[in-house]
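# Need coordinates for the following:
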Amino acid sequence: MQKNIAAAVADILKPVIEAEGFELWDVEYLKEGSRMILRVTIDKSGGVNIDDCEKVNRAIDPILDEADPIPNSYYLEVSSPGLERELRTAEHIEKSIGETVKVKFFAPIDGQKEALGKLDAYDGKNGTVTVGGIEYPKNKIAKINIYCEF
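Just a heads-up that it's a prediction; the model follows:
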């Protein structure tokens, strides 16, 4: 149910967010503690700052009130995906080819719990992700994040 709500909200908000000059990175509808959170993650070339989040929040809040896609009360959060963003969708992975990523596996592969390297390729048809020249089945990957060395 919560995934359906997130997808419905994404469909409603995507054109509004794009009209403001941003990309809709992700929408999550989840429970944190006793509160329901609608987290809308936006991105743009050069990154997102707090003023951008505020601008998008002001633009989408009345749209959400009017469309009323969520029957319960919730807290709206607008945020940036951050430098070490999680690559959750095929589109995220494809856009990040050439970047350094950290891949965490559900269970060790060849004794390794994770891999770090350049994201070389993504094959959605065969369900594989190639990192550092090694191909991994996507269904064995728990999480992929952009990696930044500080």
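
# Spatially central residue in the chain, please.
The structure's the chain has its C-alpha centroid closest to D26; by C-alpha atoms, centre = their mean the separation is 4.4 Å.

# mind listing what the closest residue to it other than its chain neighbours touches?
Setting aside the residues directly before and after it, D26 is nearest to T41 in space (C-beta to C-beta, 6 or more residues apart in numbering), at 4.2 Å. Placement of C-beta: from N, CA and C, glycine included. Shown here is T41, whose contacts under the criterion C-beta atoms under 8 Å, 6 or more residues apart in numbering are L24, W25, D26, V27, E28, V78, S79, S80, P81.

# Tell me what T41 is bridged to.
In this structure, T41 has the following beta-bridge partners (DSSP bridges): D26, S79.

# Quick check: it vs G117, distance?
Between T41 and G117 the distance, using C-beta to C-beta, to the nearest Å, works out to 25 Å.

# do K143 as well
Using C-beta to C-beta, one gets 15 Å for the distance from K143 to G117.

# Then R35?
38 Å.

# ok, these two, which is more surrounded?
Neighbours around R35 and G117, counted as other C-beta atoms under 10 Å, are more numerous at G117. The numbers are 15 against 10.

# what pLDDT does the more buried one get?
Per-residue confidence (pLDDT) for G117: 97.

# Please shift the residue numbers so they start at 862 in all later answers.
Okay, residue one is now 862; in that scheme the one you just asked about reads as G978.

# Check which helix or strand it maps to.
Per DSSP states H and E: G978 is located in strand 973-984.

# so what secondary structure elements neighbour that strand?
Counting contacts by 3 or more C-beta pairs under 8 Å, 6 or more residues apart in numbering; DSSP states H and E, strand 973-984 is packed against helix 951-956, strand 961-970, strand 989-992, strand 995-998.

# Repeat the analysis, applying 7 Å as the threshold.
Packing contacts for strand 973-984, counted by 3 or more C-beta pairs under 7 Å, 6 or more residues apart in numbering; DSSP states H and E, involve helix 951-956, strand 961-970, strand 989-992.

# what angle do that strand and strand 961-970 make?
Taking axes from the mean of the first three to the mean of the last three C-alpha atoms, to 10 degrees, one finds strand 973-984 and strand 961-970 inclined to each other by 120 degrees.
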